Each structure stands twice: as structure tokens, then as C-alpha cells.
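Q: Sequence below, structure please.
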Amino acid sequence: YHILAISDCIDGNHNDSFELVENMDILLQTLKEATIDIQYSHRNADAGFDLATFIEQIETTHKMIANIPRNKRNTKKIKQRYLGEYIYSFRKKIETVFAWMDSYKRILIRFDYKSLHFKSWLYLASTLINLRSVFN
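A: Presented below is the predicted three-dimensional model:
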């Protein structure tokens, strides 16, 4: 695999779902400006993104299919949702890249609180990973 792009990072004192809906709106607006049709496409994410506001935004506002497995911690609300296992299997590629990134201790532990510093380390790590695949 080759790392082609890195999205913006959030500061280290926030969790993954911090301003998730707002950032997803920005991302999808960028895709629409690039005339990429996203309607009825699948949004693959892991169980950590099983949030009611995020799912509602994807399914109702943007008319996409939320291909997100149930979070076991959210068992109080039992509402079945479509999960395309075949499409979700492509998530393995993303997780593989995350594992490669985690081989660099600076990124794994994340000493940096500022998102700009952390993103710089991500660029450096992704460059080394890409060079490894080219010259290996």
C-alpha cells in the first residue's frame, strides 16, 4: 500500500469523535466541489464511530450508507443497521497502514499536543513507509 494523503489532525487533548460531524461536513463538501458523487456510497468506519449524530448525518443529510459495526458499549439501543461485510473487509488496508504508522514510537504515544507538530511527524513517517515500499 502507498500513503497518498493525510487528513487534518486534531489536538492531542481531544478524542477521535471531537467535532466529527463538522469535520465530516467539510470533507463531504470538498468531495462535492470536486464533482465526486457520494450519494448512496458506503462510509466505512470502525465501531468507535457508532454515534447517533454521525450516523444520522451520513444517512439522512448526505444520503450515504453508514457501514459501521455496532459498538458493544452502545447495547442499550438495539436497532439493527446494514453492515456490508465484504465492503467492510477493505477496512483491513486502513488498519494495516495504522499499524505501520504505530511502528514509530513518536506517533504511537503522541507526545505532541499541537496538531501541526503531530501532522509533521505523520508526514515524515508516511514518507519513510512509502520509500520503504519503493526501495525494498
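Q: Now do the contacts for the residue most central in space within the chain.
A: Central residue of the chain (C-alpha atoms, centre = their mean): residue 45, 6.3 Å from the mean position. Counting by C-beta atoms under 8 Å, 6 or more residues apart in numbering, residue 45 touches 66-68. Where C-beta positions appear, they are placed from N, C-alpha and C, glycine not excepted.
Q: Model confidence for it, exactly?
A: With respect to pLDDT, residue 45 has a value of 87.
Q: Roughly how far does it sit from residue 57?
A: Distance, residue 45 to residue 57, using C-beta to C-beta, to the nearest Å: 12 Å.
Q: can you check residue 83 too?
A: Residue 83 is 18 Å from residue 57, by C-beta to C-beta.
Q: go on, residue 106?
A: 33 Å.
Q: out of those two, which sits in the more crowded spot?
A: Taking other C-beta atoms under 10 Å, residue 106 and residue 57 do not tie; residue 57 has more neighbours (20 against 14).
Q: can you pull the contacts of the residue lying closest to the more buried one once chain neighbours are set aside?
A: Residue nearest to residue 57 in three dimensions, not counting chain neighbours: residue 21, with 5.2 Å by C-beta to C-beta, 6 or more residues apart in numbering. Contacts for residue 21 (C-beta under 8 Å, 6+ apart) come out as 53-54, 57.
Q: Format the residues you listed as TSV; extra columns: distance to residue 125.
A: Shown next, in TSV, are these (distance: C-beta to C-beta, whole Å):
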residue	distance to residue 125
53	31
54	27
57	31
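Q: possible to save these as CSV with distance to residue 93 and secondary structure?
A: Shown next, in CSV, are the contacts of residue 21 (distance: C-beta to C-beta, whole Å; DSSP: H, G, I helix; E, B strand; the rest coil):
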residue, distance to residue 93, secondary structure
53, 27, helix
54, 22, helix
57, 25, helix
